[in-house]
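In: quick one: sequence plus predicted model below, questions after.
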Amino acid sequence: MTQPVPILRDHPQPRLLDLFSCAGGAGTGYHRAGFEVTGVDIVDRPNYPFAFHRADALEHLAALIASGDIEQYAAVHASPPCQAGCALTIGTNASRGWGREHVQLIPELRTLLDASGLPYVIEQPNGKAPVRPDLRLCGEMFGLGVLRHRTFELGGWSTQQPPHPKHRGYVRGYRHGVYRDGPYVAAYGAGGGKATVPEMQAAMGITWTDVREELTEAIPPAYTRWIGAQFLTLEGMAAA
C-alpha cells in the first residue's frame with residue numbers, strides 16, 4: 001500500500017539523499033524531476049554536480065537517523081555496489097575504492113532505510129542482487145542509445161511498471177567472436193567494439209563527466225527523472 005509522502009514546507013524543493021552517488025547519473029535525474037539533491041560516496045567525486053559528502057554511505061545514513069537530521073529529506077535513493085550480485089563487476093570492489101570487499105550491502109542498507117521512515121529506491125543491475133523487482137527500466141523506454149537494464153526496489157511507496165518496448169536491434173560489438181552492429185552501444189569495459197567516452201556520454205545523456213569508470217557505473221538520468229516524477233506526482237496528491 002502506498003504510504004503518505006512527507007511534505008517539507010521549509011524547502012522550496014523536496015530534498016533527496018543520493019547514497020553511493022558516484023558521479024551523479026541518478027542524482028541528475030532526480031534533480032531534473034524537481035528534487036534538491038545531496039550525494040554521498042566513499043571516494044571524492046569532483047564531477048558530482050550537487051551538494052556532496054565524502055563518507056561511507058551506510059555510516060552516513062546511520063548518523064543521520066541517530067541525530068534526527070534524516071528528517072530534512074523527503075526520500076532516499078541508493079545504488080550500492082553490485083559486485084556481490086552481478087557477474088560483470090565481481091572482483092572490482094577494491095579497485096573502485098568501496099572498502100568492503102565482496103560484501104553484499106543490501107540487507108544492511110535496507111534495514112537502515114526502513115529505520116529512516118522515508119520512502120526509498122534501491123537500484124541494482126539485473127542479476128542476483130537481493131532486491132525486489134518493483135520496477136525494471138531499460139534505455140529503449142526513453143529512446144536512449146544504451147539498453148542498460150536496471151531493477152529498482154521501492155520502499156514505502158509504489159508506482160506502475162511502464163511497458164517495455166521491443167529492442168530495435170543489437171548492442172554494437174563482439175559477442176563470442178562475432179561482431180554485430182546495432183543502435184545501442186556497450187557502455188562498459190573497453191575494446192571489442194565497446195563505446196568510447198563520447199559515445200557513452202551521448203548514449204546516456206551524461207555530459208558533466210568524461211571519466212570512463214564513472215560513466216560505466218552511471219544510471220542514465222532519464223531513469224530517475226521518470227521515477228522522481230512519479231514520486232512527486234504522488235506527493236502532490238498527498239498534499240492536496
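Out: That came in fine, so what should we check first?
In: tell me who's in contact with Thr216.
Out: By CB atoms under 8 Å, 6 or more residues apart in numbering, the residues touching Thr216 are Ala187, Tyr188, Gly189, Met200. For glycine as for every other residue, the C-beta is placed from the backbone atoms N, C-alpha and C.
In: and Ala25, how many neighbours?
Out: One thing to correct before we go on: residue 25 is Gly, not Ala. By other CB atoms under 10 Å, 27 other residues sit near Gly25.
In: picking up where we left off before, filter the contacts of Thr216 down to the buried ones.
Out: Ala187, Tyr188, Met200 (16 or more other CB atoms under 10 Å).
In: just the ones of the residues you listed in helices?
Out: Counting by DSSP state H, the part of the buried ones among the contacts of Thr216 found in helices is Met200.
In: which one in the buried ones among the contacts of Thr216 is the model shakiest on?
Out: Among the buried ones among the contacts of Thr216, Tyr188 carries the lowest pLDDT, at 89.
In: can I get the buried ones among the contacts of Thr216 in JSON lines with distance to Thr224?
Out: As requested, those are exported to JSON lines (distance: CB to CB, whole Å):
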{"residue": "Ala187", "distance to Thr224": "16"}
{"residue": "Tyr188", "distance to Thr224": "19"}
{"residue": "Met200", "distance to Thr224": "17"}
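In: contacting residues for Arg212?
Out: For Arg212, the contact set (CB under 8 Å, 6+ apart) comprises Ala190, Val197, Met200.
In: correct me if wrong: Gly228 contacts Gly27.
Out: No: using CB atoms under 8 Å, Gly228 is not in contact with Gly27; the gap is 10.1 Å.
In: more neighbours, those two?
Out: The neighbour comparison of Gly228 against Gly27 (other CB under 10 Å) goes to Gly27, with 29 against 25.
In: mind listing the strands in the protein by residue range?
Out: Taking DSSP state E, the strands of the chain run over residues 15-19, 36-41, 51-54, 75-78, 120-125, 135-137, 150-155, 173-175, 178-180.
In: show me what the longest helix that the chain contains is packed against.
Out: For the chain, the helix with the greatest residue count under DSSP H is helix 221-239. Judged by 3 or more CB pairs under 8 Å, 6 or more residues apart in numbering; DSSP states H and E, helix 221-239 is in contact with helix 25-33, strand 135-137.
In: deepest-packed of those, please.
Out: helix 25-33 (a mean of 25; mean count of other CB atoms under 10 Å).
In: any idea of the angle it forms with helix 221-239?
Out: Counting by axes from the mean of the first three to the mean of the last three CA atoms, to 10 degrees, helix 25-33 lies at 50 degrees to helix 221-239.
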